[in-house]
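*Asks:* below are the sequence and a predicted model for it; my questions follow.
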Amino acid sequence: MQAIPVIAIFDIGKTNKKFFLFNEQYQIVLEQTVQFEEVCDEDGDACDDVEQLSTWVLETLADAFAQKNFHIKAINFSTYGASFVHLDAAGKPVTPLYNYLKVFPEQLKQDFYATYGGETKISLETASPVLGNLNSGMQLYFLKNTKPDVYNRIVVSLHLPQYISYLFTQKKYADITSIGCHTQLWNFASNTYHDWVEKENMIDKLPAVFSSSEVLQVTVNGIETK
């Protein structure tokens, strides 16, 4: 029997983590759904277990590649937003996968907007309403100002979709979709990172932007795909 050409898709939500194989007619030929127990970060707030998630992603794809009735031609990833995975010099997560619903300290919020021109100015320039940790750029600001020892261990910060890609490619990139989605990181008028990111010397924590029209080649289980 000839192997069915498919594309593998991870769809990682807060509640359900899903894996699909789509054939060339966009029909689902395999579907898996799992749910994980949340863990707590160092402040006692619930969050996803990044190690468990990483293991599931790697093992799930390896199992799919081992199935001889499928020929996986490409892989892609969709995850919930407003979430960073901060990596150290060894490429390992430095922090828990902080929950974007975690309460952002009010005084730190006031200090930030007082320094950089106010809520209205920042919101207009970044196309981001003021949403606390739902503005993922503020998560980096929070770490820098409240957990400097942790912040200093961070070599690069990847939004969650790009972290899942990194698990397979070992390439650290940013994607404009993640950067531009209510992060308060991107100045849409200048089409660059906002100047507050530069002034906070956070730009070195953010990887190069990879074109959304390009793909990366990767080998999984000895099989080349993209």
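*Replies:* Yep, it's here. Numbering: from 1, shown residues only.

*Asks:* what stretches of this protein score poorly on pLDDT?
*Replies:* Along the chain, the parts satisfying pLDDT under 70 run over 221, 223, 226.

*Asks:* can you pull up the most central residue in it?
*Replies:* Computing the C-alpha centroid of the chain and ranking residues by C-alpha atoms, centre = their mean puts Leu160 first, at 1.4 Å.

*Asks:* and that one, what are its phi and psi?
*Replies:* The phi/psi pair for Leu160 (degrees, to the nearest 10) reads phi -50, psi -40.

*Asks:* what does Val39 give?
*Replies:* phi -110, psi -180.

*Asks:* distance check, it against Leu143.
*Replies:* From Val39 across to Leu143, the span is 18 Å (C-beta to C-beta, to the nearest Å). C-beta: built from backbone N, CA, C; applies to glycine.

*Asks:* any chance you could map the helices in the protein?
*Replies:* For the chain, applying DSSP state H gives helices covering 50-66, 106-115, 119-126, 136-146, 148-153, 160-169, 176-179, 195-199.

*Asks:* can you show me the CA trace of the fifth one as PDB?
*Replies:* Backbone C-alpha positions of helix 148-153 (Å, rounded to 0.1, in the frame of the first residue of the first chain) are rendered in PDB as follows:
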ATOM      1  CA  PRO A 148      16.900  40.200  37.400                       C
ATOM      2  CA  ASP A 149      18.800  37.000  38.200                       C
ATOM      3  CA  VAL A 150      16.400  35.000  36.100                       C
ATOM      4  CA  TYR A 151      16.300  37.700  33.300                       C
ATOM      5  CA  ASN A 152      20.100  37.700  33.100                       C
ATOM      6  CA  ARG A 153      20.100  33.900  32.400                       C
END
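
*Asks:* what packs against it?
*Replies:* If contacts are counted by 3 or more C-beta pairs under 8 Å, 6 or more residues apart in numbering; DSSP states H and E, helix 148-153 sits against helix 136-146.

*Asks:* mind running it again at 10 Å?
*Replies:* strand 84-87, helix 136-146 (3 or more C-beta pairs under 10 Å, 6 or more residues apart in numbering; DSSP states H and E).

*Asks:* which of the ones you listed is buried the deepest?
*Replies:* Neighbour counts (mean count of other C-beta atoms under 10 Å) averaged over each of these peak at strand 84-87, with a mean of 24.

*Asks:* can you give the contact residues for that strand?
*Replies:* Contact partners of strand 84-87, identified using C-beta atoms under 10 Å, 6 or more residues apart in numbering, comprise 50, 53-54, 92-98, 100, 136-137, 139-140, 143, 150-151, 153-160, 162-164, 166-167, 172, 178, 183, 205-207.

*Asks:* buried subset of those as a PyMOL selection?
*Replies:* Command for PyMOL that selects the buried part of the contacts of strand 84-87, burial taken from 16 or more other C-beta atoms under 10 Å:
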select buried, resi 50+53+54+93+94+95+96+97+98+100+136+137+139+140+143+151+154+155+156+157+158+159+160+162+163+164+166+167+172+178+183+205+206+207
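
*Asks:* doesn't Gln184 make contact with Leu131?
*Replies:* Yes - using C-beta atoms under 10 Å, Leu131 is in contact with Gln184, at 8.5 Å.

*Asks:* neighbour count for those two, which is higher?
*Replies:* Shown here are Leu131 and Gln184; by other C-beta atoms under 10 Å, Gln184 has more neighbours (25 against 16).

*Asks:* which residues touch the more buried one?
*Replies:* Counting by C-beta under 10 Å, 6+ apart, Gln184 has contacts 112, 116, 122-123, 125-131, 134-138, 141, 194, 196-197.
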